[in-house]
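**Q** let's see this in three dimensions:
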Amino acid sequence: MAKLLHTSKVKIQKEPGNSKIKRAQVEGFPDVLRMGIHGGIAQYFKLSPSEPRPATLDYIVAAVGGCLTGTVAGALEARGVRADPEKLQVEAEGKIEEVDGKMILTGIKVRYRLKVPKDKRATVERALEHHEGLCAASESVRRGITVEWQSEIEEESESDSAQTAAATTVSHTKA
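**A** Now for the predicted structure:
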């Protein structure tokens, strides 16, 4: 049985006048993440964005890469191995493909470049062997995340005075 540790709350809005740019703000933080489309994603939708922005799938790749980086850095530092930028460099690459007529992130590859003392190599290799299982983002993606959505629809009358509301809730599970 799961124990709730935190509920992440994020408000998302489409930017006025630009259907492909979304603004996301994590509750409790003033910064806004701006997401859009670019590159092969824009080509897939047959669009040429006036302002190319990282796509939502890029943020998933960054989240997994960031979590794995923090996890491996913590494991290294706990073993007396420095994880400063000159000692640990990380690149994450997401493979976005068309599968069954849908754009899907099908894989994430993370590459570590490490500079370690000779006497710590075996220690570092052991830390690398076990770090992924401790990364919340990687484990979440690998296990599948339940996605649920709910809508509240208000129909506006021509005079905007009479409004009717209806709600629908649907749950999906990603395997």
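
**Q** where's I104, which helix or strand?
**A** Using DSSP states H and E, I104 sits within strand 102-114.

**Q** so where is this structure shaky, pLDDT-wise?
**A** 159-175 (pLDDT under 70).

**Q** give the helix, strand or coil label for the spatially most central residue of the chain.
**A** Against the mean C-alpha coordinate of the chain, by CA atoms, centre = their mean, the closest residue is I60 at 2.2 Å. Three-state call for I60 (DSSP: H, G, I helix; E, B strand; the rest coil): helix.

**Q** how much space between it and V72?
**A** 19 Å (CB to CB, to the nearest Å). Heads up, the C-betas are built off the backbone N, CA and C, glycines and all.

**Q** contacts only, for K20.
**A** By CB atoms under 8 Å, 6 or more residues apart in numbering, the contact set of K20 is 36-37, 45, 47, 49, 53.

**Q** tell me which two in the residues you listed are the farthest apart.
**A** The distance between the two most remote of the contacts of K20 (CB to CB) is 13.4 Å, for F45 and R53.

**Q** what about the helices in the chain?
**A** Using DSSP state H, the helices of the chain run over residues 39-44, 56-78, 121-131, 136-143.

**Q** which of the ones you listed sits most buried?
**A** Counting by mean count of other CB atoms under 10 Å, helix 56-78 has the highest mean neighbour count of the helices of the chain, with a mean of 18.

**Q** shouldn't V116 be in contact with E125?
**A** No. Applying CB atoms under 8 Å, one finds V116 not in contact with E125, separated by 9.5 Å.

**Q** next up, the contacts around R79.
**A** 120, 123-124, 127.

**Q** ok, so of those, who is nearest L68?
**A** A127 (12.0 Å).
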